[in-house]
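Visitor: Just the structure for this:
(2 chains)
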Amino acid sequence: MLEWVMTDQGDYVAVMAVDDIKESKLYPIEVNGKELLLTMVDGEVHIVDGICTHEYAQLWDGELEDGTIWCPLHSSGFCLKTGKATNPPAIDPLPIYPVRIDGGQVYVSLTPTTKAG
Amino acid sequence: MTDTSQIVIIGGGLAGHSAAETLRKEGFEGDLTIFEAEPVIPYDRTLLSKAVLQGSRSADSTSFRSIEYYDELRVVLALDQTVTGVDFRARELTTSRGEQVRYDKLLIATGTTPIRLPVPGADLPGVHYLRTVADAVAIKHDLESATRVGVIGAGFIGAEVAASARILGKDVHLIDLLDAPMAGALGHEVGDVFAEIHASHGVSLRMQSRVNELRGDERVEAIVLADGTEIPCDLVVVGIGVRPATDLFVGTDLDLANGVRVSETCETNIPGVYAAGDVANWWHPGMGHHIRIEHFNNAAEQGVAAAKAMLGQPVSYGPLPYFWSDQYDINLQHVGHCVPGDEVVLRRYPDGTAMTVFYLRDGIVEAVAAINRGRDIRPSRKLIEARQPIDRAVLADPEQELRSILA
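Guide: As a prediction, this is how the structure comes out:
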C-alpha cells in the first residue's frame, strides 16, 4: 500500500482508511498513546476523546444515538459535533479532534478543538 | 440597566451549584449567594462512598469547579454558614453569623440528613454516617486502623461503603432488616444478585437482622443483633436512609410533606420560593404524582429547571429518573421508576455478570435496571417512553436486540 506523504498537514496523523469505516459504528483508535473514538455519522467522520470526562470509561462501548455519544458506565451524553456534555453526570466537555480526509485516508490532529475544564 | 435583585440559594450541593450556574448563563445579573453549611465549595458527593473511601481520589479533589469559577460567575459562596431563620413575609433570612440577608427569590436546596440509628450506643466514637466531606474524611481515617467494619443498612450508601471497605481488605459485615441489599429500592431479584456479589467478595451478609445495640467502652467494639449475635467491629458506618433537611421551615407557611412540596416548575406554595434536588418533593407531570429523588442527575437537572422558573421561564420538569451505583467491578444503572409489586422480567446475558431487569406494571415497562450492561440504558429509555405492551419472552431473550424491539 502506498503511504501518502503529508506536506502541509501539521500534526495530522493517519488513522484509518475511509473505506473501512461503517456508518454509526464506534471504533477505538490509539494515536500517540491517546485513546480516541472514531465514528461516522451521515458520511461525516468524527474523532473524539475515547474516555468519558466523568469517570474512566471507554466510550466505544457506549451507544451512538442522534449525534450523541452515550457513556456505557453512567449514561453521560456528549454531542459528537461540539463535545458538549448534554446529559449528566458529566459536566466537562469531551475533547474533539480535527479530522481531514485525504487520499482515502482519515487523518487526525491531536490538538483538540475543545478542552476539558 | 443594573439589576439590584437578590437571589439566595440555601445549600451548596449539586442542585444549588447547577441552579447558580444556570441563573448566570440565562442572564441573571443581580446578586447571587449560596449558603452552605459545609466548609467546602460544591463537590461531587457520589465520590465519597467510592473513590474517596478507597483512596483513588482525595476528599479535596472532588469539587465540580474551581473557586475562581464562582468568582467569575459572581456567585458568593457563603461557606461554613447555615441559615438559622427565615421570614417569608419579609423575604429575609438570618444566618449562623447573626446576619440578616434579604432576598427577592429563594431556592431551597438543602438536601437531606442521614437518619440516626435509634439504639443504645449509637453515639459511641467509631460510629459514622456518610453525607459530608468531613464524614468521609473521618471514616477514611478510622478505616486505616480498623480491621473489622460493620455496615448497618444495605441500601446504596451501605452497599457501596461495604464494597469500598472490602476493596481495602477489611473484614466487612453488612446488616439490613430486608432480605437483600438494595431490595427496598430495586426489589429482591436485583437484591439477590447483589447479595451474591457481596458474598463472593467476602462480605458477611446479615440480612433480615435488626440491630439492638452498639457496644463498647471508649469506642464502638461490637454490634449486637436482636437475636443476641454479637459482631465485633472497630468501625461502624450507618446508612439507614436520609430525611429531607427541612427543620428550618417547620412552623412556617411552607408546604412540607416528604420534603418541600413543589409544582412541576419547582415552585413552592410561597411566591418567590423554589426548591430543587433531594429535598424537593415535586409534582411529576408524566407520573401524575409527587416524587422525591435522592440521586445525582435529578439534582443537576432540577437545579436547572428551578433556575429557569426563578427567571420567569418555567419549564415542566418531568424527566425519567436515572441513577447508578458502582460496587467492585459491578456497574448498576437504573432508569425509570419501579415500585414494590412491579412484575419483574430478567434478561441474563450469557457472558459474565451482565443482566438487565425490566419492571412492568400492567404489562408496560416502567423501569429498567442494567447490571454491567450500560448499553441497554438508551434503548430501555425508549421502551419505557413507548408505553406499549411488550412480549415478556422478547424482553427476557438476550438474543433480541433491545433497540429493534420497537422497530
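
Visitor: did I read that right, B:Leu47 in a helix?
Guide: Yes: counting by DSSP: H, G, I helix; E, B strand; the rest coil, one finds B:Leu47 located in a helix.

Visitor: separation between it and chain A?
Guide: Distance, B:Leu47 to chain A, using Cβ to the nearest Cβ, to the nearest Å: 9 Å. Backbone N, C-alpha and C define where each C-beta goes, glycine included.

Visitor: do you know how far that residue is from B:Glu21?
Guide: Separation of B:Leu47 from B:Glu21 (Cβ to Cβ, to the nearest Å) stands at 19 Å.

Visitor: Same check on B:Glu267?
Guide: The value you get for B:Glu267 to B:Glu21, if Cβ to Cβ is used, is 20 Å.

Visitor: What of B:Ala367?
Guide: To B:Glu21, B:Ala367 is 29 Å away according to Cβ to Cβ.

Visitor: Please enumerate the helices of chain B.
Guide: B:14-25, B:53-54, B:67-72, B:133-145, B:156-167, B:183-200, B:296-310, B:377-386, B:392-396, B:402-405 (DSSP state H).

Visitor: what about the fourth one, average pLDDT?
Guide: Averaged across helix B:133-145, the pLDDT comes to 97.

Visitor: Give me the contact list for that helix.
Guide: Here helix B:133-145 makes contact (Cβ atoms under 8 Å, 6 or more residues apart in numbering or on different chains) with B:38, B:40, B:43, B:48-49, B:52-53, B:55, B:59-60, B:62, B:126, B:128-130, B:149, B:161, B:165, B:168, B:170, B:234-235, B:237.

Visitor: how does it look with 7 Å?
Guide: Applying Cβ atoms under 7 Å, 6 or more residues apart in numbering or on different chains, the external contacts of helix B:133-145 come out as B:38, B:40, B:43, B:48, B:52-53, B:59, B:126, B:128-130, B:165, B:168, B:170, B:235, B:237.

Visitor: Lowest pLDDT pick from these?
Guide: In terms of pLDDT, B:Ala59 ranks lowest among the contacts of helix B:133-145, with 94.

Visitor: For that residue, the count of nearby residues, please.
Guide: For B:Ala59, the count of nearby residues is 19 (other Cβ atoms under 10 Å in any protein chain shown).

Visitor: what does the one 4 residues further on give?
Guide: By other Cβ under 10 Å, 16 other residues sit near B:Ser63.

Visitor: wouldn't B:Val394 be in contact with B:Leu402 here?
Guide: No: using Cβ atoms under 7 Å as the test, B:Val394 is too far from B:Leu402 to be in contact (9.3 Å).

Visitor: Enumerate every residue touching B:Phe156.
Guide: Contact partners of B:Phe156, counting by Cβ under 7 Å, 6+ apart, are B:182, B:325.

Visitor: measure it to A:Tyr56 for me?
Guide: For B:Phe156, the distance to A:Tyr56 under the criterion Cβ to Cβ works out to 21 Å.

Visitor: With B:Val339 instead?
Guide: Relative to A:Tyr56, and taking Cβ to Cβ, B:Val339 is found at 34 Å.

Visitor: what's the neighbour count on the residue nearest to B:Ala245 when sequence neighbours are not counted?
Guide: Counting by Cβ to Cβ, 6 or more residues apart in numbering or on different chains, B:Ala245 lies nearest to B:Thr110, which is 4.0 Å off, once chain neighbours are set aside. A total of 30 residues lie near B:Thr110 under the criterion other Cβ under 10 Å.

Visitor: on that earlier part again, could the helices of chain B go into CSV alongside distance to A:Pro72?
Guide: Listed next are the helices of chain B as CSV, based on distance: least, Cβ to Cβ, whole Å:
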stretch, distance to A:Pro72
helix B:14-25, 22
helix B:53-54, 21
helix B:67-72, 29
helix B:133-145, 27
helix B:156-167, 19
helix B:183-200, 19
helix B:296-310, 16
helix B:377-386, 8
helix B:392-396, 20
helix B:402-405, 14
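
Visitor: between these, which gets the lowest average pLDDT?
Guide: Looking at these, the bottom one is helix B:402-405 with a mean of 90.

Visitor: So which bits of stretch A:56-67 are buried?
Guide: For stretch A:56-67, the neighbour count (16 or more other Cβ atoms under 10 Å in any protein chain shown) marks A:57-60, A:62-64 as buried.

Visitor: and which of the residues you listed is nearest B:Gly85?
Guide: For those, the minimum distance to B:Gly85 (Cβ to Cβ) is 44.9 Å, reached by A:Ala57.

Visitor: For the closest residue to that closest one other than its chain neighbours, give me phi and psi.
Guide: Distances taken as Cβ to Cβ, 6+ apart put A:Leu73 closest to A:Ala57, at 3.7 Å, once the chain neighbours are dropped. Note on A:Leu73: its backbone torsions stand at phi -90, psi -50 [degrees, to the nearest 10].

Visitor: Tell me if I'm right that A:Leu73 and A:Leu59 touch.
Guide: No: applying Cβ under 7 Å, one finds A:Leu73 not in contact with A:Leu59, separated by 9.3 Å.

Visitor: Give me the common contacts of these two.
Guide: Common neighbours of A:Leu73 and A:Leu59 are listed as A:Cys52 (criterion: Cβ under 7 Å, 6+ apart).

Visitor: on that earlier part again, of B:Val394 and B:Leu402, which one has the most company?
Guide: Comparing B:Val394 with B:Leu402 by other Cβ under 10 Å, the one with more neighbours is B:Leu402, at 24 against 14.

Visitor: which residues touch the residue in chain A that chain B sits nearest to?
Guide: Nearest to chain B, among the residues of chain A, is A:Pro72, at 3.5 Å (Cβ to the nearest Cβ). By Cβ under 7 Å, 6+ apart, the contact set of A:Pro72 is A:57, A:61-62, B:374-375.

Visitor: Tell me the spacing between the nearest residue to it once chain neighbours are set aside and A:Leu94.
Guide: Distances taken as Cβ to Cβ, 6+ apart place B:Gly374 nearest to A:Pro72, at 3.5 Å, with adjacent residues excluded. Distance, B:Gly374 to A:Leu94, using Cβ to Cβ: 17 Å.

Visitor: Those two: which is more packed in?
Guide: Shown here are B:Gly374 and A:Leu94; by other Cβ under 10 Å, A:Leu94 has more neighbours (28 against 23).

Visitor: Thought A:Asp49 was touching that one, still the case?
Guide: Yes: between A:Leu94 and A:Asp49 there is a contact under Cβ under 7 Å: 5.2 Å.

Visitor: Excluding sequence neighbours, find me the nearest residue to residue 53.
Guide: In the absence of a named chain, this looks at chain A. Of all residues not flanking A:Thr53 in the chain, A:Asp92 sits nearest, at 4.1 Å (Cβ to Cβ, 6+ apart).

Visitor: not what I meant, chain B
Guide: B:Ser164 (4.1 Å).

Visitor: For that neighbour, which residues are in contact?
Guide: Contacts for B:Ser164 (Cβ under 7 Å, 6+ apart) come out as B:49-50, B:53-54.

Visitor: can you tell me which of these lies nearest to chain A?
Guide: B:Lys50 (9.2 Å).

Visitor: mind checking pLDDT for that closest one?
Guide: Reading off the confidence values, B:Lys50 has pLDDT 96.

Visitor: Near B:Pro340, how many other residues are there?
Guide: As a burial measure, B:Pro340 scores 9 neighbours (other Cβ under 10 Å).

Visitor: Could you measure from the closest residue to it other than its chain neighbours over to chain A?
Guide: Nearest non-adjacent residue to B:Pro340, counting by Cβ to Cβ, 6+ apart: B:Gly187, 7.2 Å away. Distance, B:Gly187 to chain A, using Cβ to the nearest Cβ: 21 Å.

Visitor: residues near B:Gly187, how many?
Guide: Neighbour tally, B:Gly187, other Cβ under 10 Å: 21.

Visitor: Having no further points to raise, I will conclude here.
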